[in-house]
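Q: What follows is a protein structure lacking sequence information:
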């Protein structure tokens, strides 16, 4: 059955994995004959360059990130006229954005579905008119990472009454179900594509790909590399990505004496090429969901060393078989994994080949089949 599918995210163009997932999923669903519309709450400053121009409609409700609601503190605050005017303007702009979202949803034909990829976007979807639509909420991070953040309260408030909500692994779904979320299911991310030719794994390069933010743990990676670099003076760490922590991380790099062995590559618009030029991939995140970067590295035949920070990581990387995992935040252990991979070309080749083969279990066709099953289930 062909249906209208609206995918709503915080942004449709922000540099990051959720943006990539959004447009990849839109392409897959459109290829199945569905009419897909991607919607972002706002346009982003730090934009992602998409490998393929979207063939589906793309809408941003705001031209930039909307202001945070104002909360007065004390009686004197309530009489600050300029601030009250700004808050009134913010509320009016939100009302217009919600109305625009309702107009888009009103174009839907019977059987339409709204997929909300991030809980912050539910503020607008929750106020919009979704009459006749099935609403699916999603989380792209692990239960543990959400539980330790303010998003836990948002999820409990916004997602418990939806038609369905999805996490990325069965383990995460079980944890949320045990926490009282009875409408939860799981669906892993799909592998976008399999490069025709894997990395030759001949370059003495370790690659990291991800936003330069606290979640991605590049500060932990630099501390790790400080343990690896003296023993691997002919290897280089290439950090692909951009983000709010860039200046602080470069300062840390200099302070650790790593400027000669760390290369800052900037935003990674051509991930496939970056991986083709690497022999090892490293992920040092504090928290993840089902990281696309790991999938892409393994599809390129690049063995991975990563912190075991989420069920999705250990579901993708089978420790000791097609990659090596370290306890979360343990830089000595991650350094050990990197030393093993950089020091043993036979191990790299064996794990890289198994990674490329094994990661194909997350095929797009299997993911599409499960989306169709969910759509049919929600119609019953």
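A: That came through, no problem. Quantities reported herein were computed from a predicted structural model and do not represent experimental measurements.

Q: ok, now how distant is the closest residue in space to residue 327 that isn't next to it in sequence from residue 16?
A: Distance criterion Cβ to Cβ, 6 or more residues apart in numbering; nearest residue to residue 327, sequence neighbours excluded, is residue 333 at 5.6 Å. Every C-beta, even on glycine, is put in place using the N, C-alpha and C of the backbone. From residue 333 across to residue 16, the span is 27 Å (Cβ to Cβ, to the nearest Å).

Q: quick one: which of these two has more around it?
A: residue 16 (24 against 18; other Cβ atoms under 10 Å).

Q: separation between that one and residue 223?
A: Relative to residue 223, and taking Cβ to Cβ, residue 16 is found at 23 Å.

Q: swap in residue 69?
A: 38 Å.

Q: Who has more neighbours out of the two?
A: Ranked by neighbour count (other Cβ under 10 Å), residue 69 and residue 223 place residue 223 first, with 18 against 10.

Q: Just list the residues touching the residue lying closest to that one once chain neighbours are set aside, thanks.
A: Of all residues not flanking residue 223 in the chain, residue 331 sits nearest, at 4.9 Å (Cβ to Cβ, 6+ apart). If you count contacts by Cβ atoms under 8 Å, 6 or more residues apart in numbering, residue 331 has them with 220, 223-224, 227.

Q: any idea how far the nearest residue to residue 44 once chain neighbours are set aside is from residue 134?
A: In this structure, residue 44 finds its nearest non-sequential neighbour in residue 14, 3.7 Å apart by Cβ to Cβ, 6+ apart. Distance, residue 14 to residue 134, using Cβ to Cβ: 26 Å.

Q: Ok, residue 169 next?
A: 23 Å.

Q: who has more neighbours, those two?
A: residue 169 (22 against 19).

Q: In which helix or strand does residue 265 reside?
A: In this structure, residue 265 sits in strand 262-266 according to DSSP states H and E.

Q: contacting residues around that strand?
A: 222, 225, 236-242, 246, 250, 253, 274.

Q: now the helices for the stretch 101-250 of the chain?
A: Ranges of helices in the stretch 101-250 of the chain, per DSSP state H, counting those that start in this stretch, are 122-127, 143-147, 151-158, 170-178, 218-228, 246-255.

Q: tell me the most buried of those?
A: Among those, ranked by average contacts under mean count of other Cβ atoms under 10 Å, first place goes to helix 218-228 (a mean of 22).

Q: quick one, phi/psi of residue 217?
A: Per-residue torsions, residue 217: phi 60, psi 30 (degrees, to the nearest 10).

Q: which stretches of this structure have low pLDDT?
A: Judged by pLDDT under 70, the chain has its weakly predicted residues at 51, 74, 77-78.

Q: closest to residue 338 among the contacts of strand 262-266?
A: In terms of Cβ to Cβ, no member of those lies closer to residue 338 than residue 225, at 7.9 Å.

Q: For residue 202, which non-adjacent residue is spatially closest?
A: residue 279 (6.7 Å).

Q: So what's the residue count around that neighbour?
A: Counted with other Cβ under 10 Å, residue 279 comes out at 24.

Q: The one 5 residues further on too?
A: Residue crowding around residue 284 was assessed by other Cβ under 10 Å; the count is 25.

Q: shouldn't it be in contact with residue 224?
A: Yes - judged on Cβ atoms under 8 Å, residue 284 makes contact with residue 224 at a distance of 6.6 Å.

Q: Now residue 351: closest residue in space that isn't a chain neighbour?
A: Closest to residue 351 by Cβ to Cβ, 6+ apart is residue 303, at 3.8 Å.

Q: Now do the strands in this protein.
A: 4-9, 35-42, 58-62, 113-116, 134-138, 164-167, 184-186, 205-209, 236-240, 262-266, 280-283, 304-307, 323-326 (DSSP state E).
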